[in-house]
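J.: this one's sequence-less:
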Ligand SMILES: [Zn+2]
């Protein structure tokens, strides 16, 4: 006899109603995101060649990162005190990524192809949005929900415990969980807002995407060539926005290349 008792059936139906409302129970909180990002960033700094603090590219990336951060509203920083940091990985790959909780890594292969501060701002502003809007944590929660059956869900709910355990998250998962198209578009859109607020020309974001597009298929698994909206579409969206807004932006400024 495997028929479910009325009590269980009632619990099931309650849970089915309750799950959408409590969907966040699978989402790592701000503190967990910070701890995860910190752990993975330390691993990267240990295992990859990360450029030294006095490398001109690091100095410039950090100066631009710091400037962008200063335009994030104080109320947001208070609510989500992510520990932002900026590093440059010594690698020919054209890549950049952000870890949950704040660490941003840009590859020297990409930095070396860029010529303006606005391009660096475009890439960093995009990555910062992934952190600010907790895209990895949402992707993780969605992934967990897909993987977990209702039985486990029931157990978890009945045990009244949190479903998230930082020790159970591998660094691998931090790097391989793809962002959705929605998240990528959001990172472009809000990244655009931030860079413009900070006085950069959004053409910089188009420039970077064009450089990345030319290399499509060439780099190894990078956040730029996974299941993204095609870069060409994203460039078009930004182009249309610039023309629709009809604002005059400051001219793109060349990189200092060691003079700061
Ligand atoms: Zn992205």
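T.: Structure received. Just so it is clear, the structure is predicted and the values come from calculations on it, not from any experiment.
J.: is residue 33 within a helix or a strand, and which one?
T.: helix 30-47 (DSSP states H and E).
J.: for that helix, name the packing helices and strands.
T.: Counting contacts by 3 or more C-beta pairs under 8 Å, 6 or more residues apart in numbering; DSSP states H and E, helix 30-47 is packed against strand 85-89, strand 103-107, helix 135-147, helix 171-176. Placement of C-beta: from N, CA and C, glycine included.
J.: just the mean pLDDT for the helix or strand that the last one is followed by, thanks.
T.: On the C-terminal side of helix 171-176, the nearest following helix or strand under DSSP H and E is helix 181-197. Regarding helix 181-197, the rounded mean pLDDT is 96.
J.: kindly report the same for stretch 89-107.
T.: 95.
J.: how distant is it from the center of its chain?
T.: Distance, stretch centre to chain centre, for stretch 89-107: 10 Å (C-alpha atoms, centre = their mean, to the nearest Å).
J.: name the nearest residue to the most centrally placed residue in the chain, sequence neighbours excluded.
T.: Nearest to the mean C-alpha position of the chain, by C-alpha atoms, centre = their mean, lies residue 130 at 2.6 Å. Distances taken as C-beta to C-beta, 6 or more residues apart in numbering put residue 98 closest to residue 130, at 4.7 Å, once the chain neighbours are dropped.
J.: pull out the buried positions in the helix holding residue 33.
T.: 32, 33, 34, 35, 36, 37, 38, 39, 40, 41, 44 (16 or more other C-beta atoms under 10 Å).
J.: what's the first helix or strand after that helix?
T.: Remark: after helix 30-47, the chain's next helix or strand is helix 56-69, criterion DSSP H and E.
J.: contacts for stretch 187-199, please.
T.: 67-68, 70-72, 118, 121-122, 125-130, 132-133, 135, 179, 202, 204-205, 234, 237-238, 241, 249-250 (C-beta atoms under 8 Å, 6 or more residues apart in numbering).
J.: what is the burial count for residue 49?
T.: 11 (other C-beta atoms under 10 Å).
J.: show me the shaky parts of the chain.
T.: Regions of the chain meeting the criterion pLDDT under 70 cover residues 1-23, 149-164, 216-229, 260.
J.: rerun that using 90 as the cut-off
T.: 1-26, 141-181, 212-232, 256-260 (pLDDT under 90).
J.: coming back round to it: filter the contacts of stretch 187-199 down to the buried ones, PyMOL style.
T.: With 16+ other C-beta under 10 Å as the criterion, this PyMOL line picks the buried residues out of those:
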select buried, resi 67+68+72+118+121+122+125+126+127+128+129+130+132+135+179+202+204+205+234+238+249
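J.: so which of the contacts of stretch 187-199 belong to helices?
T.: The helices, defined by DSSP state H, take in 67-68, 118, 121-122, 125-130, 132, 135, 204-205, 234, 237-238, 241 from the contacts of stretch 187-199.
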